[in-house]
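1. okay, here's the prediction I keep looking at, along with the sequence it came from:
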Amino acid sequence: MVMHKFSKFILILVSFCVGYFGIATFFNSQPHNTPDKNIDVVVGGIVPHHLVADEIIQKLFTIVGNQNPKTIILVSPDHWGVAKSNFTTTAKSNFGGVLVDTSFRGKLINELPSNIEFDDELLNHEHGVTGLVPYIKKLSPQTKIVPIAVSAITSKITLDKISHFLSKTDSNVVIIASSDFSHYLPSLAADLHDSTSIAVISAFDRSNFRNLEVDCWQCLYIVSSVSELKNAKKSELVGHSNSAKLSTSENTAPETTSYVGLVFRESGQNSTDSTATLLSVGDIMLGRYVETLMNSAGENYPFEKISQFLRGIDIVSGNLEGTIITDHKQTPDFSTKFSFSPRVAKTLRLNNFSLVSLANNHALDYGENGLKETSGFLKQFEIDTSGHPSKIEGTKVATKDVRGQKIAFASFNFTGPYPKEQEAYELVKNFKEKNNFVVVNIHWSEEYALKANDFQKIVAHNLIDSGADLIIGHHPHVVQEIEQYKNKIIFYSLGNFIFDQYFSKYTKEGLTIGTTLNDQEVIYRLFPINIVQSQPSLMTGARAQEWLGDLSTRSDSALIEEIKSGMIVVPRN
């Protein structure tokens, strides 16, 4: 947390310096608003507050300024966490050279007397407000403002209360949320997170706002809620970028901050965004020596360096290599009969896991009763399961509906004496008839084999012929090659995610797959990971490029350049 606060400070400083020199001409020039050809009235908007995103900020406030609104309600995060109330506003009649709408402010205070306070010292140091007020002054000089900082602990009940009040305002009042998006991640990971955030916001999917990887989900919730209540359901993307792209270090910067500009317009046309995002990880083993580390350093120890990456995704899934049982005793070193403490179910959920595969050679380590207990503990924390270690049954297929994308997750264990390939093909065929995207997780191959065998290739191709859209392999504990077959992608093995196998370079590396699914295409983003003392972390910069280059040389020749780039795009068909 201390490091993140320091990173935040550096980003603010860099943003100010780059932005200041880049926009000096803009602020010294005469305002020149280009008429907005879209006649639908803007009710709400989302804007970044780092000045490096000046182009997006200018564009959004130009659109809003063309309406000449009477008042802009500017809601910002409380970045430093010092607010004493849910909402903080100014006691002044002039803030940053712009008149404050004192009449509206008075009504707001009367409506929420116990939830709002005056604190100009806080607002004067809140760059989510101070960075944007000059744009309002320049591009909408007749407009008054009401700046509001929103506490990070504000509940949905309180957000609904202020949203309903703000929804009663006239059409000449515009609500703007000041918020940056993905933080502290490489550009490719930020794009994955942003695709979720933009889809959730555009679809008014407010049940998922809390999970968004953004500065202030509460600010976005207010703007979304007010816009929907005022029937401004047409969202329009004004701009999207990040600090790495804007500084031309997209492929080398270890972390970035994302910027999104978006407006909501009154229109007879409602926006729809059917984008869904998935994150698939490899083998997860939370017992044996991993448990020793967790007992020493805390339950969240394995996830500490990867937790930010796991946020902001619709469905995060992995292969759970072991059982969660009540009568748990720590698995001895070198034993392969795995059991985990019931506490790990909560830890998985706190790290955004919503689905795990149980179709593997360890899910029956404590018999059917252990398997049943595992499913029960996971269900308590709203984690679905897919597959069975020795059976192929339709009841073991998990299905999800994400903004209209109907996704089925089938899992099969093809190790040991269990393979029943024909049953698997029939099951996939049946579920493809009811769903528009079928993900198959398979436990197969030999441990530590870097190359898929003939059996894997035959089964994968037949599963795709039966209707599978994506194949994800587990069990080898190392990453195997990637293949494209009939515009479908096969990841033969993702390797480890969390394990205590320190004896090999390859068992201490893994691959995670970020999938963005929409009606036109499927985008697969490839994220290699290092695993040090059972802690996965994203590879970045030259190390990631080198690793992906090596993977490309042992994968499908048709995918070499795409694998090197870290992104594979295939059309939906």
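-> Received the coordinates, thanks. Residues are numbered from 1 along each chain as shown.
2. report the secondary structure state of Ile442.
-> With DSSP: H, G, I helix; E, B strand; the rest coil as the basis, the three-state label of Ile442 is strand.
3. from what I can see it touches Gly473, true?
-> Yes: between Ile442 and Gly473 there is a contact at 5.3 Å, judged by CB atoms under 8 Å. Bear in mind the C-beta positions are built from the backbone N, C-alpha and C, glycine included.
4. common neighbours of the two, please.
-> Counting by CB atoms under 8 Å, 6 or more residues apart in numbering, the common neighbours of Ile442 and Gly473 are Gln456.
5. more crowded one of these two?
-> Set side by side, Ile442 and Gly473 show unequal neighbour counts under other CB atoms under 10 Å, the larger going to Ile442 at 30 against 26.
6. if I look at that one, how far off is Glu421?
-> Shown here: Ile442 relative to Glu421, a distance of 10 Å by CB to CB, to the nearest Å.
7. what does Thr88 give?
-> Spatial separation of Thr88 from Glu421 under the definition CB to CB is 62 Å.
8. the more surrounded of those two?
-> Neighbours of Thr88 and Glu421, each counted by other CB under 10 Å, are more numerous for Thr88; the result is 25 against 15.
9. helix, strand, or coil at that one?
-> Put simply, Thr88 is strand when judged by three-state DSSP.
10. surely it and Glu121 touch.
-> No: between Thr88 and Glu121 there is no contact under CB under 8 Å: 9.9 Å.
11. strands of the stretch 101-250 of the chain, residue ranges please.
-> Assigned by DSSP state E, counting those that start in this stretch, the strands in the stretch 101-250 of the chain fall at 116-118, 144-150, 173-178, 234-242.
12. tally of neighbours for His461?
-> Other residues close to His461 by other CB under 10 Å number 17.
13. same deal with Ile490?
-> For Ile490, the number of neighbouring residues by other CB under 10 Å comes to 27.
14. also the one 10 residues further on?
-> Number of residues near Asp500 (other CB under 10 Å) recorded here: 22.
15. now do the contacts for the residue lying closest to Ala468 once chain neighbours are set aside.
-> For Ala468, the nearest residue in space outside its immediate sequence neighbours is Val440; the separation is 4.6 Å by CB to CB, 6 or more residues apart in numbering. Contacts for Val440 (CB under 8 Å, 6+ apart) come out as 410-412, 424, 428, 463, 468, 470-472.
16. any idea how far Ala410 is from Glu433?
-> Using CB to CB, one gets 13 Å for the distance from Glu433 to Ala410.
17. out of the two, which sits in the busier spot?
-> Legend: neighbour count by other CB under 10 Å for Glu433 and Ala410, higher for Ala410 (29 against 8).
18. what strand or helix carries the more buried one?
-> Secondary structure here is read from DSSP states H and E; on that basis Ala410 sits in strand 405-413.
19. partner residues bridging the residue nearest to Ala468?
-> Beta bridges link Val440 to Ala410, Ile471, judged by DSSP bridges.
20. tell me the confidence at it?
-> Reading off the confidence values, Val440 has pLDDT 98.
21. what do you get for Ser555?
-> Reading off the confidence values, Ser555 has pLDDT 98.
22. if I look at it, how far off is Ile563?
-> 6 Å.
23. go ahead and confirm Gly261 touches Asp54.
-> No: between Gly261 and Asp54 there is no contact, the gap being 11.1 Å when judged by CB under 8 Å.
24. tell me where the stretch 351-500 of the chain has strands.
-> Taking DSSP E, counting those that start in this stretch as the criterion, the stretch 351-500 of the chain carries its strands at 353-357, 384-386, 398-402, 405-413, 437-443, 470-474, 482-485, 488-491, 496-498.
25. domain ranges for the chain?
-> Partitioning the chain according to automatic domain parsing yields domains covering residues 40-265, 276-538+567-571.
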